[in-house]
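[1] Would you be able to build a 3D model of this:
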Amino acid sequence: MDLTDKTVVISGASRGIGASAARVFATAGANVALLARSASELADLVAEIGEKALALPCDVAEHASVSAALDAARARFGRLDVLICNAGMIDPIARIGEADPAAWAQLIDVNVTGVFNMIHAGLPHLKAVGGGAVLTIGSGASQRPLEGWSAYCTSKAGAAMLTRALHLEEGGNGIRVMGLSPGTVATQMQREIKASGINPVSQLAWEDHIPAEWPARTLLWMLSGDADEFIGSEISLREEAIRRRVGLI
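    Numbering: from 1, shown residues only. As a prediction, this is how the structure comes out:
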């Protein structure tokens, strides 16, 4: 796909799926506005990508921070076309009775309210160009409980419903809304899961996880006409048919 002159905003862009998406979309010609709390990691990524990239240190849990970042991205590139709501965290990994309440609330703030903040602050920018796309990162954890993951499972279920609600409200206004459940990905999050030793996911071997480039390439494909049938829904990279359509196998 050729995304020349388009601008893609990616949260959680300093590493993992977000950083891989930054590279994939920049290669496709897009300007990439990169949001994350780690200014140093963002700076390294911008240095790698070049002038098409803009580092925007930001806490997605704070609406004012997100709004300011999106304003800055539009001021730099002139327009915003795609929002990729990727920022997320897995901690606290703990049984409900042992979880720290403040940490539990922080995860909800990032994984759910952070998605809302991206959408709420981003919609006026997307509508200013006559439409646009919002892509969210889901998880199979939204569909089933896992020991020690009460916060994460709850947050992903909430974000999935938020994605569906956005499609209901804005799909008729030209906003393309889709979710991606990538499966287990070889990122820092999986290292944290492995270290916890809780539930079967922590027992997976590293080679069982897919590379971060796979969901990044899938996000690009989700903007293509070949993915139109999935608008308003969440696709899963666990499905071989989806992997084939993306060109991963």
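[2] What is the burial count for the residue nearest to Ala216 when sequence neighbours are not counted?
    The shortest distance from Ala216 to any non-neighbouring residue, by Cβ to Cβ, 6 or more residues apart in numbering, is to Ser20 (3.7 Å). Any C-beta I mention is one placed from the backbone N, CA and C, and that applies to glycine too. Around Ser20 sit 23 other residues, with neighbours defined as other Cβ atoms under 10 Å.
[3] go on, the one 4 residues further on?
    The number of residues packed around Val24, counting by other Cβ under 10 Å, is 22.
[4] Restrict the lowest-mean-pLDDT helix or strand in the chain to CA atoms and write it as CSV.
    Among the helices and strands of the chain, helix 188-196 carries the lowest confidence by mean pLDDT, DSSP states H and E, at a mean of 89. Extracted in CSV, the C-alpha atoms of helix 188-196 (Å, rounded to 0.1, in the frame of the first residue of the first chain):
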residue,chain,number,x,y,z
GLN,A,188,8.9,-7.4,26.4
MET,A,189,5.4,-8.1,27.6
GLN,A,190,6.0,-11.8,27.0
ARG,A,191,9.2,-11.6,29.1
GLU,A,192,7.2,-10.2,32.0
ILE,A,193,4.6,-12.9,31.6
LYS,A,194,7.3,-15.6,31.5
ALA,A,195,8.9,-14.2,34.7
SER,A,196,5.6,-14.3,36.5
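[5] Assign a three-state SS to Gly97, would you?
    helix (DSSP: H, G, I helix; E, B strand; the rest coil).
[6] Let me fix that, I meant to ask about Ile90.
    coil.
[7] contacting residues around the most centrally placed residue in the chain?
    Nearest to the geometric centre of the chain sits Asn86, at 1.7 Å (Cα atoms, centre = their mean). By Cβ atoms under 8 Å, 6 or more residues apart in numbering, Asn86 lies in contact with Ile10, Ser11, Gly12, Ala13, Ile17, Gly18, Ala21, Ile137.
[8] These: which two are farthest apart?
    The most widely separated members of the contacts of Asn86, counting by Cβ to Cβ, are Ala13 and Ile137 (12.0 Å).
[9] Ala133 contacts Leu223, correct?
    Yes. Using Cβ atoms under 8 Å, Ala133 is in contact with Leu223, at 5.9 Å.
[10] Please enumerate the shared neighbours of the two.
    Val82, Arg176.
[11] what's the straight distance from one end of stretch 212-232 to the other?
    Stretch 212-232 has an end-to-end distance of 23 Å (Cα to Cα, to the nearest Å).
[12] which residues does the closest residue to Pro182 other than its chain neighbours contact?
    In space, and not counting its chain neighbours, Pro182 is closest to Pro215: 3.9 Å by Cβ to Cβ, 6+ apart. Residues counted as contacts of Pro215 (Cβ under 8 Å, 6+ apart) are Ile17, Ser20, Ala21, Ile137, Leu180, Pro182, Val185, Leu237.
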